[in-house]
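Chemist: I need the structure of the sequence given here:
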Amino acid sequence: MNRNGKGNGAEGSKWGRHPKESRKSHCVMVRFDNEEWLKFLSMYEKSGVYARAVFLKAHFFRQPFRVLVTDRTLLDYCTKLSAFHAQYRMVGNNYNQVVRELRCHFSEKKAMALLYRLEKCTGELAALTQQVMELSREFRQKLSEKEEKS
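Modeler: Just a heads-up that it's a prediction; the model follows:
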(Lines give C-alpha, C1' and ligand atoms only; values in the text may rest on other atoms or scores of the structure.)
Protein backbone atom coordinates (compact mmCIF):
# COMPACT_ATOMS: atom_id res chain seq x y z
CA MET A 1 0.00 0.00 0.00
CA ASN A 2 1.18 3.50 -0.76
CA ARG A 3 0.45 6.81 1.02
CA ASN A 4 -3.01 7.35 -0.40
CA GLY A 5 -4.15 3.93 0.74
CA LYS A 6 -4.22 2.36 -2.70
CA GLY A 7 -2.21 -0.54 -3.98
CA ASN A 8 0.94 -0.31 -6.07
CA GLY A 9 -0.95 -0.95 -9.32
CA ALA A 10 -0.70 1.49 -12.23
CA GLU A 11 -4.34 2.55 -11.85
CA GLY A 12 -3.84 3.88 -8.35
CA SER A 13 -0.48 5.59 -8.69
CA LYS A 14 -0.49 9.38 -8.88
CA TRP A 15 3.29 9.84 -8.92
CA GLY A 16 6.01 8.97 -11.34
CA ARG A 17 6.25 8.86 -15.09
CA HIS A 18 3.28 7.63 -17.05
CA PRO A 19 4.16 4.61 -19.20
CA LYS A 20 4.34 5.24 -22.97
CA GLU A 21 1.96 3.35 -25.22
CA SER A 22 4.57 2.14 -27.69
CA ARG A 23 8.05 2.17 -26.28
CA LYS A 24 10.83 2.81 -28.81
CA SER A 25 13.46 0.16 -28.12
CA HIS A 26 15.32 -0.26 -31.43
CA CYS A 27 18.09 2.11 -32.43
CA VAL A 28 19.84 2.52 -35.80
CA MET A 29 23.05 4.47 -36.29
CA VAL A 30 23.84 6.31 -39.51
CA ARG A 31 27.18 7.75 -40.60
CA PHE A 32 27.62 10.53 -43.17
CA ASP A 33 30.66 11.87 -44.97
CA ASN A 34 31.17 15.67 -44.98
CA GLU A 35 29.25 16.31 -48.20
CA GLU A 36 26.30 14.15 -47.13
CA TRP A 37 26.29 15.73 -43.69
CA LEU A 38 26.08 19.26 -45.11
CA LYS A 39 23.25 18.21 -47.43
CA PHE A 40 21.46 16.52 -44.54
CA LEU A 41 21.81 19.62 -42.34
CA SER A 42 20.50 21.82 -45.13
CA MET A 43 17.42 19.64 -45.57
CA TYR A 44 16.91 19.39 -41.81
CA GLU A 45 17.05 23.17 -41.32
CA LYS A 46 14.54 23.74 -44.12
CA SER A 47 12.12 21.23 -42.62
CA GLY A 48 11.59 23.06 -39.32
CA VAL A 49 11.39 19.77 -37.40
CA TYR A 50 12.60 20.00 -33.80
CA ALA A 51 14.96 16.98 -33.84
CA ARG A 52 17.22 15.36 -36.42
CA ALA A 53 16.02 11.88 -35.51
CA VAL A 54 12.39 12.86 -36.06
CA PHE A 55 13.34 14.37 -39.42
CA LEU A 56 15.21 11.22 -40.50
CA LYS A 57 12.38 8.95 -39.41
CA ALA A 58 9.77 11.04 -41.24
CA HIS A 59 11.92 11.19 -44.36
CA PHE A 60 12.66 7.47 -44.27
CA PHE A 61 9.01 6.44 -43.95
CA ARG A 62 7.92 9.06 -46.51
CA GLN A 63 5.77 10.89 -44.02
CA PRO A 64 4.94 14.41 -45.13
CA PHE A 65 6.85 17.20 -43.50
CA ARG A 66 6.81 20.87 -44.19
CA VAL A 67 9.61 23.03 -45.47
CA LEU A 68 9.69 26.58 -44.16
CA VAL A 69 11.38 29.20 -46.28
CA THR A 70 11.77 32.62 -44.71
CA ASP A 71 12.08 35.60 -47.00
CA ARG A 72 14.22 38.14 -45.15
CA THR A 73 13.13 41.04 -47.35
CA LEU A 74 9.48 40.36 -46.59
CA LEU A 75 10.20 40.05 -42.87
CA ASP A 76 12.19 43.31 -42.82
CA TYR A 77 9.55 45.12 -44.85
CA CYS A 78 6.73 43.98 -42.55
CA THR A 79 8.73 44.97 -39.47
CA LYS A 80 9.44 48.45 -40.81
CA LEU A 81 5.86 48.88 -42.00
CA SER A 82 4.60 47.94 -38.52
CA ALA A 83 6.97 50.45 -36.93
CA PHE A 84 5.79 53.11 -39.40
CA HIS A 85 2.17 52.34 -38.52
CA ALA A 86 2.93 52.69 -34.80
CA GLN A 87 4.61 56.06 -35.42
CA TYR A 88 1.66 57.15 -37.54
CA ARG A 89 -0.70 56.39 -34.66
CA MET A 90 1.54 58.35 -32.26
CA VAL A 91 1.49 61.34 -34.64
CA GLY A 92 -2.31 61.19 -34.75
CA ASN A 93 -2.46 61.16 -30.97
CA ASN A 94 -0.05 64.10 -30.74
CA TYR A 95 -2.03 65.92 -33.44
CA ASN A 96 -5.19 65.72 -31.34
CA GLN A 97 -3.35 66.97 -28.25
CA VAL A 98 -1.81 69.90 -30.13
CA VAL A 99 -5.15 71.03 -31.56
CA ARG A 100 -6.74 70.81 -28.10
CA GLU A 101 -3.92 72.86 -26.52
CA LEU A 102 -4.00 75.46 -29.30
CA ARG A 103 -7.70 75.96 -28.79
CA CYS A 104 -7.33 76.35 -25.02
CA HIS A 105 -4.16 78.45 -24.62
CA PHE A 106 -3.87 80.74 -27.65
CA SER A 107 -5.90 83.51 -29.15
CA GLU A 108 -7.98 82.63 -32.19
CA LYS A 109 -5.67 84.49 -34.60
CA LYS A 110 -2.49 82.85 -33.24
CA ALA A 111 -4.17 79.42 -33.13
CA MET A 112 -5.30 79.75 -36.76
CA ALA A 113 -1.75 80.65 -37.87
CA LEU A 114 -0.30 77.64 -36.05
CA LEU A 115 -3.07 75.39 -37.37
CA TYR A 116 -2.23 76.52 -40.90
CA ARG A 117 1.38 75.36 -40.40
CA LEU A 118 0.11 72.12 -38.88
CA GLU A 119 -2.16 71.64 -41.89
CA LYS A 120 0.84 71.93 -44.25
CA CYS A 121 2.71 69.26 -42.24
CA THR A 122 -0.39 67.06 -42.37
CA GLY A 123 -0.42 67.39 -46.16
CA GLU A 124 3.23 66.27 -46.27
CA LEU A 125 2.39 63.33 -44.03
CA ALA A 126 -0.51 62.36 -46.30
CA ALA A 127 1.81 62.48 -49.35
CA LEU A 128 4.31 60.29 -47.50
CA THR A 129 1.53 57.84 -46.65
CA GLN A 130 0.56 57.66 -50.33
CA GLN A 131 4.19 56.85 -51.20
CA VAL A 132 4.24 54.08 -48.60
CA MET A 133 1.01 52.64 -49.98
CA GLU A 134 2.40 52.72 -53.54
CA LEU A 135 5.61 51.02 -52.39
CA SER A 136 3.53 48.35 -50.65
CA ARG A 137 1.57 47.70 -53.86
CA GLU A 138 4.83 47.40 -55.85
CA PHE A 139 6.33 45.08 -53.24
CA ARG A 140 3.20 42.91 -53.23
CA GLN A 141 3.28 42.72 -57.03
CA LYS A 142 6.97 41.75 -57.09
CA LEU A 143 6.35 39.15 -54.41
CA SER A 144 3.45 37.60 -56.32
CA GLU A 145 5.56 37.50 -59.50
CA LYS A 146 8.35 35.82 -57.54
CA GLU A 147 5.92 33.21 -56.16
CA GLU A 148 4.51 32.49 -59.62
CA LYS A 149 8.00 31.76 -60.96
CA SER A 150 8.79 29.25 -58.24
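
Chemist: center of this structure, which residue is that?
Modeler: Residue closest to the mean C-alpha point of the chain, counted by Cα atoms, centre = their mean, is Leu75 at 8.0 Å.

Chemist: which neighbouring elements make contact with the longest helix belonging to the chain?
Modeler: In the chain, assigned by DSSP state H, the helix with the most residues is helix 108-149. On a contact count with 3 or more Cβ pairs under 8 Å, 6 or more residues apart in numbering; DSSP states H and E, helix 108-149 meets helix 72-105. (Glycine included, C-beta is placed from N, CA and C.)

Chemist: burial count for Val49?
Modeler: 20 (other Cβ atoms under 10 Å).

Chemist: Val91 contacts Leu125, correct?
Modeler: Yes. Under the criterion of Cβ atoms under 8 Å, Val91 is in contact with Leu125, at a separation of 6.8 Å.

Chemist: list the buried residues of stretch 14-24.
Modeler: Neighbour-count burial for stretch 14-24 flags no residue at all (criterion: 16 or more other Cβ atoms under 10 Å).

Chemist: ends of that stretch, what's the gap?
Modeler: End-to-end distance of stretch 14-24 (Cα to Cα, to the nearest Å): 24 Å.

Chemist: give me the mean pLDDT for it.
Modeler: For stretch 14-24, mean pLDDT rounds to 79.

Chemist: same check, this time on stretch 34-48
Modeler: On average, stretch 34-48 scores 85.

Chemist: that one: how far from the chain's middle?
Modeler: From the chain centre to the centre of stretch 34-48 is a distance of 24 Å (Cα atoms, centre = their mean, to the nearest Å).

Chemist: what residues sit buried inside that stretch?
Modeler: For stretch 34-48, by 16+ other Cβ under 10 Å, it's Phe40, Tyr44, Ser47.

Chemist: nothing else from me, thank you.
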